[in-house]
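attaching a predicted model along with its sequence, questions to come.
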Amino acid sequence: RAMAEDRRKRQVWDRIDESWSDQVEFLRELVGHESVLGKEEGVQHDWGFTVPEDDAFAQAVARAHTEVTGRPAEYNHATAVTDARFWRVHLGLPATCYGPVGANLHGPDEWVDLESVKEVTKVIAAFVLDYCGVA
């Protein structure tokens, strides 16, 4: 049985290896395209985005958050850049930002509350089951 599990893992890893170069090339082409990434005097910039509170994807995350935590989800706005912008603005894919409690992001004294990491893990699991129609 262990050999069969190892063989299955190897098959999955091989598929990742096989598709990886195609994915990397696709992203290189997309990012290099002027409609995706603007260039101005050596500075790269891109547009921000907003996820409306009535967005089906955001509502599914909010439902999962409330189900797990017993608290309503909070909607925040920030001036930071995230990968969600890329997926939503340029590829038209549903995306939002959701994560654990912490502070001082990307700084020398960055921290995250570990209990909130566990809570977020449960929320993401509940979201996937709901959004993908599994539960």
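That came in fine, so what should we check first? Numbering: from 1, shown residues only.

mind checking what secondary structure Phe57 has?
Under DSSP: H, G, I helix; E, B strand; the rest coil, Phe57 falls in the helix class.

check contacts around it.
Phe57 makes contacts with Val51, Pro94, Ala95, Thr96, Tyr131, as judged by C-beta atoms under 8 Å, 6 or more residues apart in numbering. Heads up, the C-betas are built off the backbone N, CA and C, glycines and all.

out of the residues you listed, which sit inside helices?
Cross-referencing the contacts of Phe57 against helices under DSSP state H gives Tyr131.

on the three-state scheme, Glu25 is what?
Assignment for Glu25 (three-state DSSP): helix.

57 is where my numbering starts, stick with that
Understood, numbering begins at 57; the last thing we discussed is Glu81.

near it, how many other residues are there?
Using other C-beta atoms under 10 Å, Glu81 has 10 neighbouring residues.

ok, it to Leu147 distance?
Relative to Leu147, Glu81 is positioned 16 Å away (C-beta to C-beta, to the nearest Å).

mind listing what's buried along stretch 133-152?
By neighbour count with 16 or more other C-beta atoms under 10 Å, stretch 133-152 contains the buried residues Ala140, Arg141, Phe142, Arg144, His146, Pro150, Ala151, Thr152.

any low-confidence regions in the chain?
57-58, 61-62, 64-66, 68-69, 72-73, 76-77, 79-80, 82-103, 135-136, 191 (pLDDT under 70).
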